[in-house]
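In: Dropping the sequence and predicted coords here.
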Amino acid sequence: MSEHDAPPVHEGLPSGSAMDLEAKLHQLERIVAEAKPVPLSSSVMVNRAEVDGIISDLRAAMPEELRQARWVVKEREDVLVAARGESGRIIDEARNERARLIARSEVAQAANREAERIVEDARERARQIRLEAEDYVDAKLARFEIVLQKTLGAVERGREKLRGRLDADDLADQLAEDDDAPL
């Protein structure tokens, strides 16, 4: 019997001992290397039971750290997906907040401009009212001045009459003119 015809050898693992994974992998490589080629193909024929046995032994002997590493890789992917989602949400919130602050800033600037315009309008209106009031008071004072001048003239003429400087007719004419004058 040749080595190819020999029954499959499953080197079992003693219970409780660690398997030499590299030795099992070499055994698998040897089986594939020594397998009979399939005519007109790059495939080879292997004993399925023998290969399945080695694969089963490899799985059973796989260190716990490797299983944990696969779990860690899966957890890492889950964490990355969650982190991407969270980062997208945070970025969206930041963009919204930036837009809100810009809009708020623009509203505040517009409000400040409007307030400045209103204050300037109020100052201008107050200036106009002050000028109108001054004009009104000036006109009233001018009329009052005219009335006072006429009154002073009448008082002066009355005093002169008392002194005998004017005759009685001239005084009557003057008083008549003063009564006709507008106040």
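Out: In hand now; what should we look at? Keep in mind the model is a prediction, meaning the values are calculated, not measured. Numbering: from 1, shown residues only.
In: Does residue 21 touch residue 59 like I think?
Out: No. Assessed by CB atoms under 8 Å, residue 21 is found out of contact with residue 59, at 10.5 Å. Any C-beta I mention is one placed from the backbone N, CA and C, and that applies to glycine too.
In: domain ranges for this protein?
Out: The chain breaks down by automatic domain parsing into domains covering 1-62, 79-180.
In: Show me what the longest helix seen in the chain is packed against.
Out: Longest helix in the chain, counting residues (DSSP state H): helix 64-163. Contact partners of helix 64-163 among helices and strands, from 3 or more CB pairs under 8 Å, 6 or more residues apart in numbering; DSSP states H and E: helix 168-180.
In: thinking again about what came up before, rank the domains of the chain by mean pLDDT and give me the bottom one.
Out: Confidence, taken as mean pLDDT, is least for domain 1-62 of those (a mean of 72).
In: Between residue 21 and residue 59, tell me which one has more neighbours.
Out: Taking neighbours as other CB atoms under 10 Å, residue 21 and residue 59 compare with residue 21 leading, 14 against 9.
In: residues in contact with the more buried one?
Out: 58, 61-62 (CB atoms under 8 Å, 6 or more residues apart in numbering).
In: Turn those residues into CSV, columns for neighbour count and secondary structure.
Out: Converted to CSV, those look like this (neighbours: other CB atoms under 10 Å; DSSP: H, G, I helix; E, B strand; the rest coil):
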residue, neighbour count, secondary structure
58, 15, helix
61, 14, helix
62, 13, coil
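In: on that earlier part again, could I get the domains of the chain as a markdown table with distance to residue 69?
Out: Compiled in a markdown table, the domains of the chain are given as follows (distance: least, CB to CB, whole Å):
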| stretch | distance to residue 69 |
| --- | --- |
| domain 1-62 | 10 |
| domain 79-180 | 15 |
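In: nearest to residue 73, of the ones you listed?
Out: domain 79-180 (10.5 Å; CB to CB).
In: Return the distance of that closest one from the chain's centre.
Out: 43 Å (CA atoms, centre = their mean, to the nearest Å).
In: Pick out the residue nearest the middle of the protein.
Out: The centre of the chain sits closest to residue 98, judged by CA atoms, centre = their mean, with a distance of 1.0 Å.
In: what about residue 54, how many residues close to it?
Out: Neighbours of residue 54 (other CB under 10 Å): 19.
In: Hmm, residue 28 and it touching each other?
Out: Yes. Proximity of residue 54 to residue 28 meets the contact threshold set by CB under 8 Å, at 5.1 Å.
In: Find the residues that touch each one of these two.
Out: Contacts common to residue 54 and residue 28, judged by CB under 8 Å, 6+ apart, are absent.
In: ok, back up a step: with respect to residue 68, which of the domains of the chain lies nearest?
Out: Of the domains of the chain, nearest to residue 68 by CB to CB is domain 1-62, at 10.7 Å.
In: follow-up on the earlier one: and the contacts of residue 21, which is closest to residue 132?
Out: residue 62 (101.2 Å).
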